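Asker: missing the sequence, but the structure's below:
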């Protein structure tokens, strides 16, 4: 469970990227974070994933206060999340298999056990036949799916995706969103930031940001 | 414990595969490290070889007791008795002025000089081998003997030995300075190499940190790299050193034969091996640690 209480984030030398945001996300929910570009979506996701710490306010992740944690404890919080970055952040000098292996290596899982899980994750996103390919040879949609495979391989309870459908055409985007729904259906909390209303027109919770301010949480549909 | 082992073997395998990927370049880095290590090791071995030589010379250091020209036979007898009972003296030999002159005359080159002499200019002399070798004991003995009746001068044949010792001490200081300077060079070489590696893996480091890698997880492979560079450099340095010393010994052997000694330079022994490897690994670890810590944590926040 994720709870934000009056959270403000200010970067040095700039305006508040996020002002007084309060909301909570339950386990197993699917949440869309919407708003124009620069509205603070990425900041919100980084605060949830314990990549950034709030300037003011409290961020609770599974009842742990992120702002009170020691710097050295943050990596262990981050491992609870599967992250799909806006720019993929794939490692282009490693093949697909080894890209997906990275989170497991960080968790100390190697060998046959890791191999099984990596192939399962690649299978889930439909890239099992590409495990030896280099990421640069994949299409945009495939790269996005590879990033998702990397995010889910360590079986996180919370999946966070920043603009996962950003540069994809409609068919690919629908594929990706179907994939996220599938994870939500098996109990994973899914948080997706998107600048357009694509796929938000259903029963999911929406956190709409405008210039760093959270408009009242609403349930669409 | 199991996780700890897994993490370390994982890091080690990663590092070895990376090192193998650019074997040639890494060999040259190891060679650079080896040269900076080999110089002080060679100097150390040369210095300790000479110290050993000086030690063996000290063991047969002598003291000469020259009597006054007007010393009477009774004086000579009483000195003889004193020397015979002195506890600090191992053994001694008396050479009278006549015997000394005869010895001198044996050399044909001196024949003419001796013929021109009106009287025997040589004094009676005792040649003493002290029992103790410490400088204080020898000084005490010298002052004891100088007070005896009829003794003109007491001479310790160690002036040149002292000079050699000062030279060796100077050499040891130079070695210390050289080792420190080249140690810094080693820091720079290994540190720079690690920094280059970090640069090529900056993306991986950043992603790893974002998805929950601890500082030690990221640092670990680089520490192994540093240690491996150090160890490889040290082993190469010892091979280089051995080759150089063997080469030197070839020419030293003929020189030493002229002096009727079997002096040769020491080859690196087990202690040298351990100390060299250990210090190189330590320098590798420290410089890698500094390089990683400097380059790492500004990637977030």
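Answerer: Perfect, thanks for sending it. The structure presented is a predicted model; accordingly, all values stated were derived computationally and were not measured. Numbers count the residues shown, from 1 in each chain, chains lettered A, B, ... in the order given.
Asker: all strands of the stretch 151-300 of chain B, in order?
Answerer: Along the stretch 151-300 of chain B, counting by DSSP state E, counting those that start in this stretch, strands occupy B:151-156.
Asker: Also chain A?
Answerer: A:2-10, A:16-25, A:30-34, A:56-61, A:64-65, A:81-84, A:158-162, A:189-194, A:205-210, A:213-214, A:218-219 (DSSP state E).
Asker: Show me which residues of chain A are close to chain B?
Answerer: Residues of chain A found near chain B (CB under 8 Å from any CB of the partner chain) are A:49, A:51-52, A:72, A:75-79, A:81, A:83, A:85, A:89, A:91-92, A:102-103, A:105-108, A:110. C-beta here means a position set from N, CA and C on the backbone, and glycine is covered the same way.
Asker: Show me what counts as buried in stretch B:123-143.
Answerer: B:123, B:124, B:125, B:126, B:128, B:130, B:138, B:141, B:142 (16 or more other CB atoms under 10 Å in any protein chain shown).
Asker: Please apply the same query to stretch B:19-37.
Answerer: Buried, per 16+ other CB under 10 Å, within stretch B:19-37: B:19, B:26, B:29, B:30, B:31, B:32, B:33, B:34, B:35, B:36, B:37.
Asker: Is that stretch positioned near chain A?
Answerer: No - counting by CB under 8 Å from any CB, chain A is not contacted by stretch B:19-37; separation bottoms out at 10.2 Å.
Asker: Show residues contacting that stretch.
Answerer: Applying CB atoms under 8 Å, 6 or more residues apart in numbering or on different chains, the contact partners of stretch B:19-37 are B:182, B:185-186, B:189-190, B:193, B:225, B:228-230, B:232-234, B:236-237, B:239-240, B:276, B:280.
Asker: Apply 6 Å and report the result again.
Answerer: For stretch B:19-37, the surrounding residues in contact (CB atoms under 6 Å, 6 or more residues apart in numbering or on different chains) are B:182, B:185, B:186, B:189, B:193, B:232, B:233, B:234, B:236, B:237, B:240, B:280.
Asker: now the strands of chain A as CSV including mean pLDDT and mean neighbour count?
Answerer: Below are the strands of chain A laid out as CSV (pLDDT from 0 to 100; neighbours: other CB atoms under 10 Å in any protein chain shown):
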stretch, mean pLDDT, mean neighbour count
strand A:2-10, 91, 18
strand A:16-25, 90, 18
strand A:30-34, 91, 22
strand A:56-61, 91, 18
strand A:64-65, 89, 13
strand A:81-84, 93, 26
strand A:158-162, 93, 23
strand A:189-194, 92, 24
strand A:205-210, 87, 19
strand A:213-214, 87, 18
strand A:218-219, 52, 10
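Asker: So which residues of chain A form helices?
Answerer: Using DSSP state H, the helices of chain A run over residues A:41-48, A:74-78, A:96-106, A:111-124, A:140-152, A:170-185.
Asker: any chance of the buried residues of stretch B:123-143 in a markdown table, plus pLDDT and secondary structure?
Answerer: What follows is the buried residues of stretch B:123-143, written out as a markdown table (pLDDT from 0 to 100; DSSP: H, G, I helix; E, B strand; the rest coil):
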| residue | pLDDT | secondary structure |
| --- | --- | --- |
| B:123 | 85 | coil |
| B:124 | 85 | coil |
| B:125 | 87 | strand |
| B:126 | 85 | strand |
| B:128 | 83 | strand |
| B:130 | 78 | strand |
| B:138 | 76 | helix |
| B:141 | 81 | helix |
| B:142 | 80 | helix |
